[in-house]
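In: got a predicted structure here, sequence first:
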Amino acid sequence: MRTLGVLLAILLIAVPPFMAEYHVYLLSLTLLWGIFALSMGLVLGFIGEINFGQAAFVAIAAYASSLLRLKLGFSFWSAAPVALALVVGLAALVGLITLRLRGPFFALVTLGFGEIVRLIITNWQDLTNGPLGLRPIAPPESLFGLRFDSKLGFYYLVFATLCVSLAALARLIRARTGRMMIAVREDEVLAGFVGIPVLRHKVIGLCFSALVAGLGGLLIGPFLTLLAPGQFDLFASVDMVVMVVVGGVGTLAGPLIGAVFLVFMPEALSFARELRPVMMGGLLIIVTIFLPGGVIGLLRHGLTRLSSAGRGRLAVLR
Amino acid sequence: MLAQQLTNGLVLGSIYALASLGFTLIYGAARVVNFAYGEMLMLGAFVTLMVMNGLGLEFFLALPLAMAVMAAASVAIYLVIVRPVIRRTELQVLLVTTGLLYVLHDMAVTIWGTDPRQMDMGLDGVLEIGDVIVPYQRLVVVVTMLALVGGLYFMLYHLRVGKALRAVAQNRFGAQAIGLNVDRVVSFAFAVSGALACAAGALLGALYAVDPGMGSAPMLKSFVIVIFGGLGSVPGAIVGGLVIGLTETLTGSYISYGFKDVFTFLLMIGMLLLRPQGLLGARRS
């Protein structure tokens, strides 16, 4: 599994310089959605909740950093920490209010939160230019001699962000905090009973998820060169959910596989565009009912069947 | 001016309450959060319109037929996509109803397009009491809400099936232990919820317009209302609907129209902080 990952990473570094500009763009788009799906994967898989406000976290990071650059003359790099701090702070606030309650409050409130953020962006026209959006958003300034103003340069920035997020989350879930998060997800009452601070671990999980969503949000402005409230509606969050579920809930590779399946393949094959939304919703239902482990679950199932077939033969020998 | 605003707020509140009833009923009975509920409102409006056009019926004759269709559709939704996952994790129930939201919305866009359509209730004119003006159409909405709430209460407290529904809502296992067919009771709750969604959607469609996007605003309002009033509580949905309708009308006309939804959202957050079970909700142990 690890060798496969390293091999894939080498391919993703080495091949793009030889690809057509459109394919580099498509690859960047896929990886960007991969970052968003990864952030949603942490909420779904390790807190066990749906965050319908994930697109709002992305929007806040995107708008905060772009506004700092356009109105106050910040550089991309100095605006980034401010925007990320804002997103993580808001996530902590949302988490503290809703995650202490049992029941579907988190999903309901984040859905409202997402709509409220979109409403504020739409109506605060003096600041955000309303539905018309902010434009043009320049590519990030060069840093340590690296330039990001070409499609390829920007692609490497997205790739690096994805790698950093993935590495950070992999560390997180293997560390003590992550194991406690899993314990809380599996049985909240039991986890509390053995002394794990339940609320704290859920909120930490949400903050990390918001941080990753925010990292993606910083990139989406320069990637699209414009920001408008319509990009961050409910369905943007639901798309992230579909990617996680199709790839496999509760894994880190799952969301990335989901992004490849649902962003790269339909675009590359220019697959019936008008049917795509119905397909997304239908997939979410079908995969949840019949294949709760997603693609990863299917692969694992296949592997165990293969190895158990082998083991069966050994048992006969014994 | 104030009297007019208060009246408007109460009328709006009745619509919201009506739109939240079916949602809260399902949560109360089966702990199912139906994220597609707003889309079922929209579907109900389209079905009513189709019955009106197809059979050439008046609005108030078409509505009961459409409600029956939507009740059947709602039961089908329960049987096909909710029941397979209802005994698994809560997350999976949220996931399938989210998927349904997506499917219903895009199906409607594909079939009917995004242009808004008019639906005529066949009632013109206004009622004037002093300075206060209420169009008959809106009065009808309030009356329908009251009639449906009355019917719902009669069903819940005087009919066998309603008592069974309350028993399942209170304690699923206890209800099973005394021999109730929980699955059938929950199917019935879905049927009632579908019929209520249809009524709410058709009335909203007649007041404003029928289009595939019409479900999202009432859905968000319902969430605010049921959290404010108490998740799963029928009286909570009614009181919550009226409070939210009034708040929205008053803040909208005296403070800021564009940000009126922000105020109701803050009201909900305040309730979550002070009394998480909602105004009339029962504390869950």
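Out: Yes, it's here.
In: please count neighbours and contacts with C-alpha atoms only from this point.
Out: Will do.
In: what residues are up against the residue in the stretch 151-300 of chain A that chain B sits nearest to?
Out: Here the stretch 151-300 of chain A gets closest to chain B at one residue, A:Gly281, 4.1 Å apart by CA to the nearest CA. A:Gly281 sits next to A:242, B:98-103 when contact means CA atoms under 8 Å, 6 or more residues apart in numbering or on different chains.
In: grab the nearest non-local neighbour of A:Gly95.
Out: In this structure, A:Gly95 finds its nearest non-sequential neighbour in A:Val203, 5.3 Å apart by CA to CA, 6 or more residues apart in numbering or on different chains.
In: just to revisit the earlier point, check what pLDDT the residue of the stretch 151-300 of chain A closest to chain B gets.
Out: Per-residue confidence at A:Gly281 stands at 83 (pLDDT).
In: before we move on, what about B:Ile77?
Out: Note on B:Ile77: pLDDT of 93.
In: give me the element it is part of.
Out: Under the criterion of DSSP states H and E, B:Ile77 resides in helix B:59-77.
In: coming back round to it: from the contacts of A:Gly281, which is closest to A:Asn129?
Out: Distance to A:Asn129 across these (CA to CA) is lowest for B:Tyr102, with 29.0 Å.
In: how many neighbours does that closest one have?
Out: Residues lying near B:Tyr102 (other CA atoms under 10 Å in any protein chain shown) number 26.
In: wait, does the helix or strand hosting it contact chain A?
Out: According to DSSP H and E, B:Tyr102 maps onto helix B:90-112. Yes. Helix B:90-112 comes into contact with chain A (CA under 8 Å from any CA of the partner chain), by way of B:91-92, B:94-103, B:106-107.
In: a markdown table for the residues you listed, including pLDDT and distance to B:Arg31?
Out: Converted to a markdown table, the residues of helix B:90-112 next to chain A look like this (pLDDT from 0 to 100; distance: CA to CA, whole Å):
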| residue | pLDDT | distance to B:Arg31 |
| --- | --- | --- |
| B:Leu91 | 85 | 12 |
| B:Gln92 | 87 | 12 |
| B:Leu94 | 88 | 11 |
| B:Leu95 | 89 | 14 |
| B:Val96 | 92 | 14 |
| B:Thr97 | 92 | 13 |
| B:Thr98 | 89 | 15 |
| B:Gly99 | 90 | 18 |
| B:Leu100 | 92 | 17 |
| B:Leu101 | 90 | 18 |
| B:Tyr102 | 87 | 21 |
| B:Val103 | 89 | 22 |
| B:Asp106 | 86 | 26 |
| B:Met107 | 87 | 27 |
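In: buried residues in the one helix or strand B:Met50 maps to, which are they?
Out: Element membership for B:Met50, per DSSP H and E: helix B:37-55. Within helix B:37-55, the residues that count as buried by 16 or more other CA atoms under 10 Å in any protein chain shown are B:37-49, B:51-52.
In: contacts for it next, please.
Out: Applying CA under 8 Å, 6+ apart, the contact partners of helix B:37-55 are B:19, B:23, B:57-59, B:62-63, B:65-67, B:69-70, B:101, B:104-105, B:108, B:119, B:194, B:197-205, B:210-219.
In: just the buried residues from these, in ChimeraX please.
Out: Restricted to buried positions by 16+ other CA under 10 Å, the ChimeraX selection for the contacts of helix B:37-55 reads:
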select /B:19,23,59,62,63,65,66,67,69,70,101,104,105,108,119,194,197,198,199,200,201,202,203,204,205,210,211,212,213,214,215,216,218,219
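In: report the separation between the nearest residue to A:Gly53 once chain neighbours are set aside and chain B.
Out: Among residues not flanking A:Gly53 along the chain, A:Gly114 sits closest, at 4.3 Å (CA to CA, 6+ apart). Plainly put, A:Gly114 is 11 Å away from chain B if you go by CA to the nearest CA, to the nearest Å.
In: pretty sure A:Gly114 is touching A:Ala55, no?
Out: Yes. Counting by CA atoms under 8 Å, A:Gly114 touches A:Ala55, with 7.0 Å between them.
In: more neighbours: which of these two?
Out: Set side by side, A:Gly114 and A:Ala55 show more neighbours around A:Ala55, with 30 against 22, by other CA under 10 Å.
In: hang on, that one packs against A:Phe232?
Out: Yes. A:Ala55 is within contact range of A:Phe232, at 5.3 Å (criterion: CA under 8 Å).
In: how many neighbours does A:Arg2 have?
Out: Neighbour tally, A:Arg2, other CA under 10 Å: 7.
In: please tell me how far the residue nearest to A:Leu146 when sequence neighbours are not counted sits from A:Phe223.
Out: Nearest residue to A:Leu146, sequence neighbours excluded (CA to CA, 6+ apart): A:Gly153, at 7.9 Å. Taking CA to CA, to the nearest Å as the measure, A:Gly153 falls 11 Å from A:Phe223.
In: which of those two has more neighbours?
Out: A:Phe223 (22 against 16).
In: taking the stretch 51-200 of chain B, what residue is nearest to chain A?
Out: Shortest the stretch 51-200 of chain B-to-chain A distance, computed as CA to the nearest CA: residue-wise this is B:Gly99, at 4.1 Å.
In: ok, longest helix in chain B?
Out: Determined from DSSP state H, the single longest helix within chain B is helix B:2-30.
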